[in-house]
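Chemist: Give the three-dimensional model of this entry:
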Amino acid sequence: MSQLLLFDIDGVIRDVAGSYRRALQATVKHYSGWTPSPAVIDALKGEGRWNNDWDASLELLRRHGVNLPERQALIEIFSGFYFGGDPDGDPSGWQGFIRDEPLLVSADFFRVIHHLGWIWGFVSGAEPPSARFVLEQRLQLETPPLIAMGDAPDKPDPRGLIQLSNSLLNDKTGGSVAYLGDTVADVQTVVNARTTCPERCWISLAVPPPHLQPGSPERQAYEQQLRDAGADHILPDTRSAIQWLERQTGR
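Modeler: Residues are numbered from 1 along each chain as shown. Below is the predicted model:
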């Protein structure tokens, strides 16, 4: 049977607490003078509707009673904080928060997955320049299979997940696909894929975002949200996916 493991990027491949989330906080503060706490952002993400950080910024402003800016104007402010330069330009010129993203895995992680007999790829809501930067330049992955923002409808719509699965699996309807994400929207994407493409075996793997400390009440509550949304397995971190794969293959 064809076996495929797909990954979200933000919070799974890289820690974005100091970049995307920081840009979200800075953008909201720019327009309102109020800085939403990480707990406020986690609660919003837990609703499963705000995977796009531009939309999340607008929603937080709306709930805070602020007159909403034009979406394109907000995107430009957000990108200024996050990229600190032309998103489509040379990454060496970026001076924004994107430079402060710890990696959660190494290139060897993907070599092990391949050795275990699984195909891998990425389905992310990140902007294409940001996604390519972390995958191709920082991790040095050669032409990684990727669905990014604009390539498919935003999660939890499952079409991006199904599209990449169809392109990577020999069996266009069957096979087994696991998707590892860190938000309720990621879990819901897998649940929705089961309805849209029931011939394929869909597995939802989930990790809490790395800024939530192990054993903390906040992390426990977040993990429960993932379970309630339909996650099949909660992993302690992304690297633990290797142990999960080994159990599937009996190694």
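Chemist: Report all helices and strands that the helix or strand harbouring Q225 contacts.
Modeler: Here Q225, judged by DSSP states H and E, is contained in helix 217-229. When contacts are defined as 3 or more Cβ pairs under 8 Å, 6 or more residues apart in numbering; DSSP states H and E, helix 217-229 packs onto helix 38-45, helix 184-196, strand 233-234. All C-beta spots, glycine's among them, are computed from the backbone N, C-alpha and C.
Chemist: and it with helix 38-45, angle?
Modeler: For helix 217-229 and helix 38-45, the angle between their directions (axes from the mean of the first three to the mean of the last three Cα atoms, to 10 degrees) works out to 0 degrees.
Chemist: returning to what we had before: if you compare the helices and strands packed on helix 217-229, which one is most tucked away?
Modeler: Highest mean neighbour count among the helices and strands packed on helix 217-229 (mean count of other Cβ atoms under 10 Å): helix 184-196, with a mean of 21.
Chemist: For it, output the C-alpha coordinates as CSV.
Modeler: Extracted as CSV, the C-alpha positions of helix 184-196 are listed here (Å, rounded to 0.1, in the frame of the first residue of the first chain):
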residue,chain,number,x,y,z
VAL,A,184,-7.7,22.4,15.1
ALA,A,185,-8.0,23.5,11.4
ASP,A,186,-5.3,20.9,10.5
VAL,A,187,-7.2,18.2,12.2
GLN,A,188,-10.5,19.3,10.6
THR,A,189,-8.8,19.2,7.2
VAL,A,190,-8.2,15.4,7.6
VAL,A,191,-11.7,14.9,8.9
ASN,A,192,-13.1,16.7,5.8
ALA,A,193,-10.8,14.7,3.5
ARG,A,194,-12.4,11.5,4.8
THR,A,195,-15.8,12.7,3.6
THR,A,196,-14.5,14.0,0.2
